[in-house]
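[1] Predicted structure and sequence below. I'll ask about it afterward.
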Protein chains: 2
Amino acid sequence: MTEENVVYIGNKPPMSYVLAVTTQFNGGAGEVILKARGKAISRAVDVAEIVRNRFIPETQIERILTGTEELPRKEGGTTNTSTIEIVLKK
Amino acid sequence: MTEENVVYIGNKPPMSYVLAVTTQFNGGAGEVILKARGKAISRAVDVAEIVRNRFIPETQIERILTGTEELPRKEGGTTNTSTIEIVLKK
């Protein structure tokens, strides 16, 4: 598995990430990993569900991992942010 | 497993749900299920991570399931919303 199979979920509309995922699968990837942090976590789940329900029905959610990252704050100190990794398999 | 072990995640601050989860575990529950929809999904992951990292370190995320629900819209028709279920085990 190479880093190419990772789709980072940010603030764009879900469909741009859905397109990225389907492009990867159609290009021969057997696995695509969605990664998101903070509020984008909900969007990552949306993307996985839309791919599965509307575009590539044979897609399965292989596993979902969550974690916590310590990010520096502008004011100094750090803040904790949750992360998610959704592994999609075709 | 009874319905009592379910904590529904809404728009309150994460700590109120963290408290609900720790109360269940301290009351003897072996498993607590977090359920959330839409934008609250990110908060559900926050709650799971905070419980694990700060309150009950022996908590494990047993499994995470995602789904899609069709909700009626005020204007008529339906809209799809993603859902998540995080099963915590002690």
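    Received the coordinates, thanks.

[2] my read: A:Gly38 touches B:Arg43, true?
    No: counting by CB atoms under 8 Å, A:Gly38 sits too far from B:Arg43 to count as a contact (10.3 Å). No exception for glycine: its C-beta is placed from N, CA and C like everyone else's.

[3] ok, the two, which is more surrounded?
    Comparing A:Gly38 with B:Arg43 by other CB atoms under 10 Å in any protein chain shown, the one with more neighbours is B:Arg43, at 22 against 16.

[4] So which bits of chain A are right by chain B?
    Residues of chain A lying close to chain B (CB under 8 Å from any CB of the partner chain) are A:38-42, A:45-46, A:48-49, A:53, A:61, A:64, A:66-68, A:80, A:82, A:84, A:86.

[5] So which of those belong to helices?
    A:Ala40, A:Ile41, A:Ser42, A:Val45, A:Asp46, A:Ala48, A:Glu49 (DSSP state H).

[6] Please render those as a markdown table that adds pLDDT to the earlier fields.
    Output for these, formatted as a markdown table (pLDDT from 0 to 100):
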| residue | pLDDT |
| --- | --- |
| A:Ala40 | 98 |
| A:Ile41 | 98 |
| A:Ser42 | 98 |
| A:Val45 | 98 |
| A:Asp46 | 98 |
| A:Ala48 | 98 |
| A:Glu49 | 97 |
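
[7] Name the member of those with the most neighbours.
    A:Val45 (31 neighbours).

[8] how near is it to B:Phe55?
    24 Å (CB to CB, to the nearest Å).

[9] in chain A, which residue is closest to the centre?
    A:Leu34 (2.0 Å; CA atoms, centre = their mean).

[10] what's the pLDDT at that one?
    Note on A:Leu34: pLDDT of 98.

[11] hang on, it in a strand?
    Yes: per DSSP: H, G, I helix; E, B strand; the rest coil, A:Leu34 lies within a strand segment.

[12] Quickly list what it is bridged to.
    Residues in a beta bridge with A:Leu34, per DSSP bridges, are A:Val7, A:Ile86.

[13] A:Ala48 is in contact with that one, correct?
    Yes: using CB under 8 Å, A:Leu34 is in contact with A:Ala48, at 6.2 Å.

[14] Alright, that wraps it up for me.
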